[in-house]
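In: sequence unknown, structure follows:
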Ligand SMILES: [Zn+2]
């Protein structure tokens, strides 16, 4: 009996010790867990601190670094105002020029006309009006033939000089704005670009091709608006290629209404702007 009672006491003591160990282990796990959690929280807090403040710090310093550089750059160009759109009409003047001018006037729009010499000779009437109504001139050459225009540096300069001669005879003005036939790519080689630049010409391409010459209907307006929204989203100033012709005139008002309703200001290119050029 006594032996049995002694054995029972030992078993109970052993059981109590086991329970103590289990309890102590749970307490230890809880303490370690809490310490670990607090360390993780601190780490996350630190990380948040870094993520929040580092980019701002970098942005401030990059801006500071860039400012003196801008001052050393040539200051011949000016930035166009916000919401400006440049409408450009190639290949004119034509029998539609006067009607185009009237429409532009109705919407307080100014534009740039890249004109061909034979067309200037044929339709000089609208050209004086262009001056009076604040539009600008550009040269588009004489032949509008890629083979003869781009034959050599002297053929290019010859056509441009002839363009200015005719322009001056009709309007009393010359221009340094040029758009070479079919755009500068692929025809304007590095040498050609250098030569026209040295002569003081400003070579303008475009970043929106209305494809009015191809559609010949209202689809050119829809396509232009679609491209315009993309160009604006990319933060670029829209320069739209149009043509001085009847089928363009027929749907031009829809484009002007869209531009006016969306707060755009339609301006003429000038010789203080840095030209948009295709990458050769
Ligand atoms: Zn053309």
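Out: On my side now, so go ahead. A quick note: this is a predicted structure, and the numbers were derived from the prediction, not measured. Numbering: from 1, shown residues only.
In: can you count the residues close to residue 130?
Out: 25 (other CB atoms under 10 Å). (Glycine included, C-beta is placed from N, CA and C.)
In: i'd like the first residue to be 251 from this point on
Out: Fine by me, first position is 251 from now on; the one you just mentioned is residue 380.
In: for the host helix or strand of it, the distance to its chain's centre please.
Out: Per DSSP states H and E: residue 380 is located in helix 375-382. Relative to its chain's centre, helix 375-382 lies at 31 Å (CA atoms, centre = their mean, to the nearest Å).
In: which residues touch that helix?
Out: Applying CB atoms under 8 Å, 6 or more residues apart in numbering, the contact partners of helix 375-382 are 342-343, 347-348, 351, 363, 365, 370, 386-387, 417, 420-421, 423.
In: Quick check on those residues: which are buried?
Out: 342, 343, 347, 351, 363, 365, 370, 386, 387, 417, 420, 421 (16 or more other CB atoms under 10 Å).
In: Distance check, the first one against residue 529.
Out: With distances defined as CB to CB, to the nearest Å, the gap from residue 342 to residue 529 amounts to 28 Å.
In: Can you tell me the closest non-neighbouring residue to the residue nearest the centre of the chain?
Out: Against the mean C-alpha coordinate of the chain, by CA atoms, centre = their mean, the closest residue is residue 486 at 1.9 Å. Leaving aside its sequence neighbours, residue 486 sits nearest to residue 457 (CB to CB, 6 or more residues apart in numbering; 5.9 Å).
In: give me the element residue 338 is part of.
Out: Counting by DSSP H and E, residue 338 is part of strand 334-342.
In: what does that strand contact?
Out: Applying CB under 8 Å, 6+ apart, the external contacts of strand 334-342 come out as 330, 350, 354, 359-366, 369, 373, 376, 388, 390, 394, 429, 454, 456, 478, 487-495, 498, 509, 514-519.
In: Mind checking which of these land in strands?
Out: Counted as lying in strands by DSSP state E, out of the contacts of strand 334-342, are 362-365, 388, 489-493, 515-517.
In: With pLDDT and distance to the ion added, can I get those residues in CSV?
Out: Below are the ones in strands among the contacts of strand 334-342 laid out as CSV (pLDDT from 0 to 100; distance: CB to the ion, whole Å):
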residue, pLDDT, distance to the ion
362, 98, 13
363, 98, 11
364, 98, 7
365, 98, 10
388, 98, 11
489, 98, 15
490, 98, 14
491, 98, 9
492, 98, 11
493, 98, 7
515, 97, 26
516, 98, 21
517, 97, 21
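In: Could you work out the most separated pair of the residues you listed?
Out: Distance extremes for these: the farthest pair is 365 and 515 at 23.5 Å, using CB to CB.
In: could you check whether stretch 432-444 is close to the ion?
Out: No: Stretch 432-444 stays clear of the ion (CB under 5 Å from the ion), getting no nearer than 6.7 Å.
In: if we can go back for a sec, what about the residue nearest to residue 486, how many neighbours?
Out: Residues lying near residue 457 (other CB under 10 Å) number 18.
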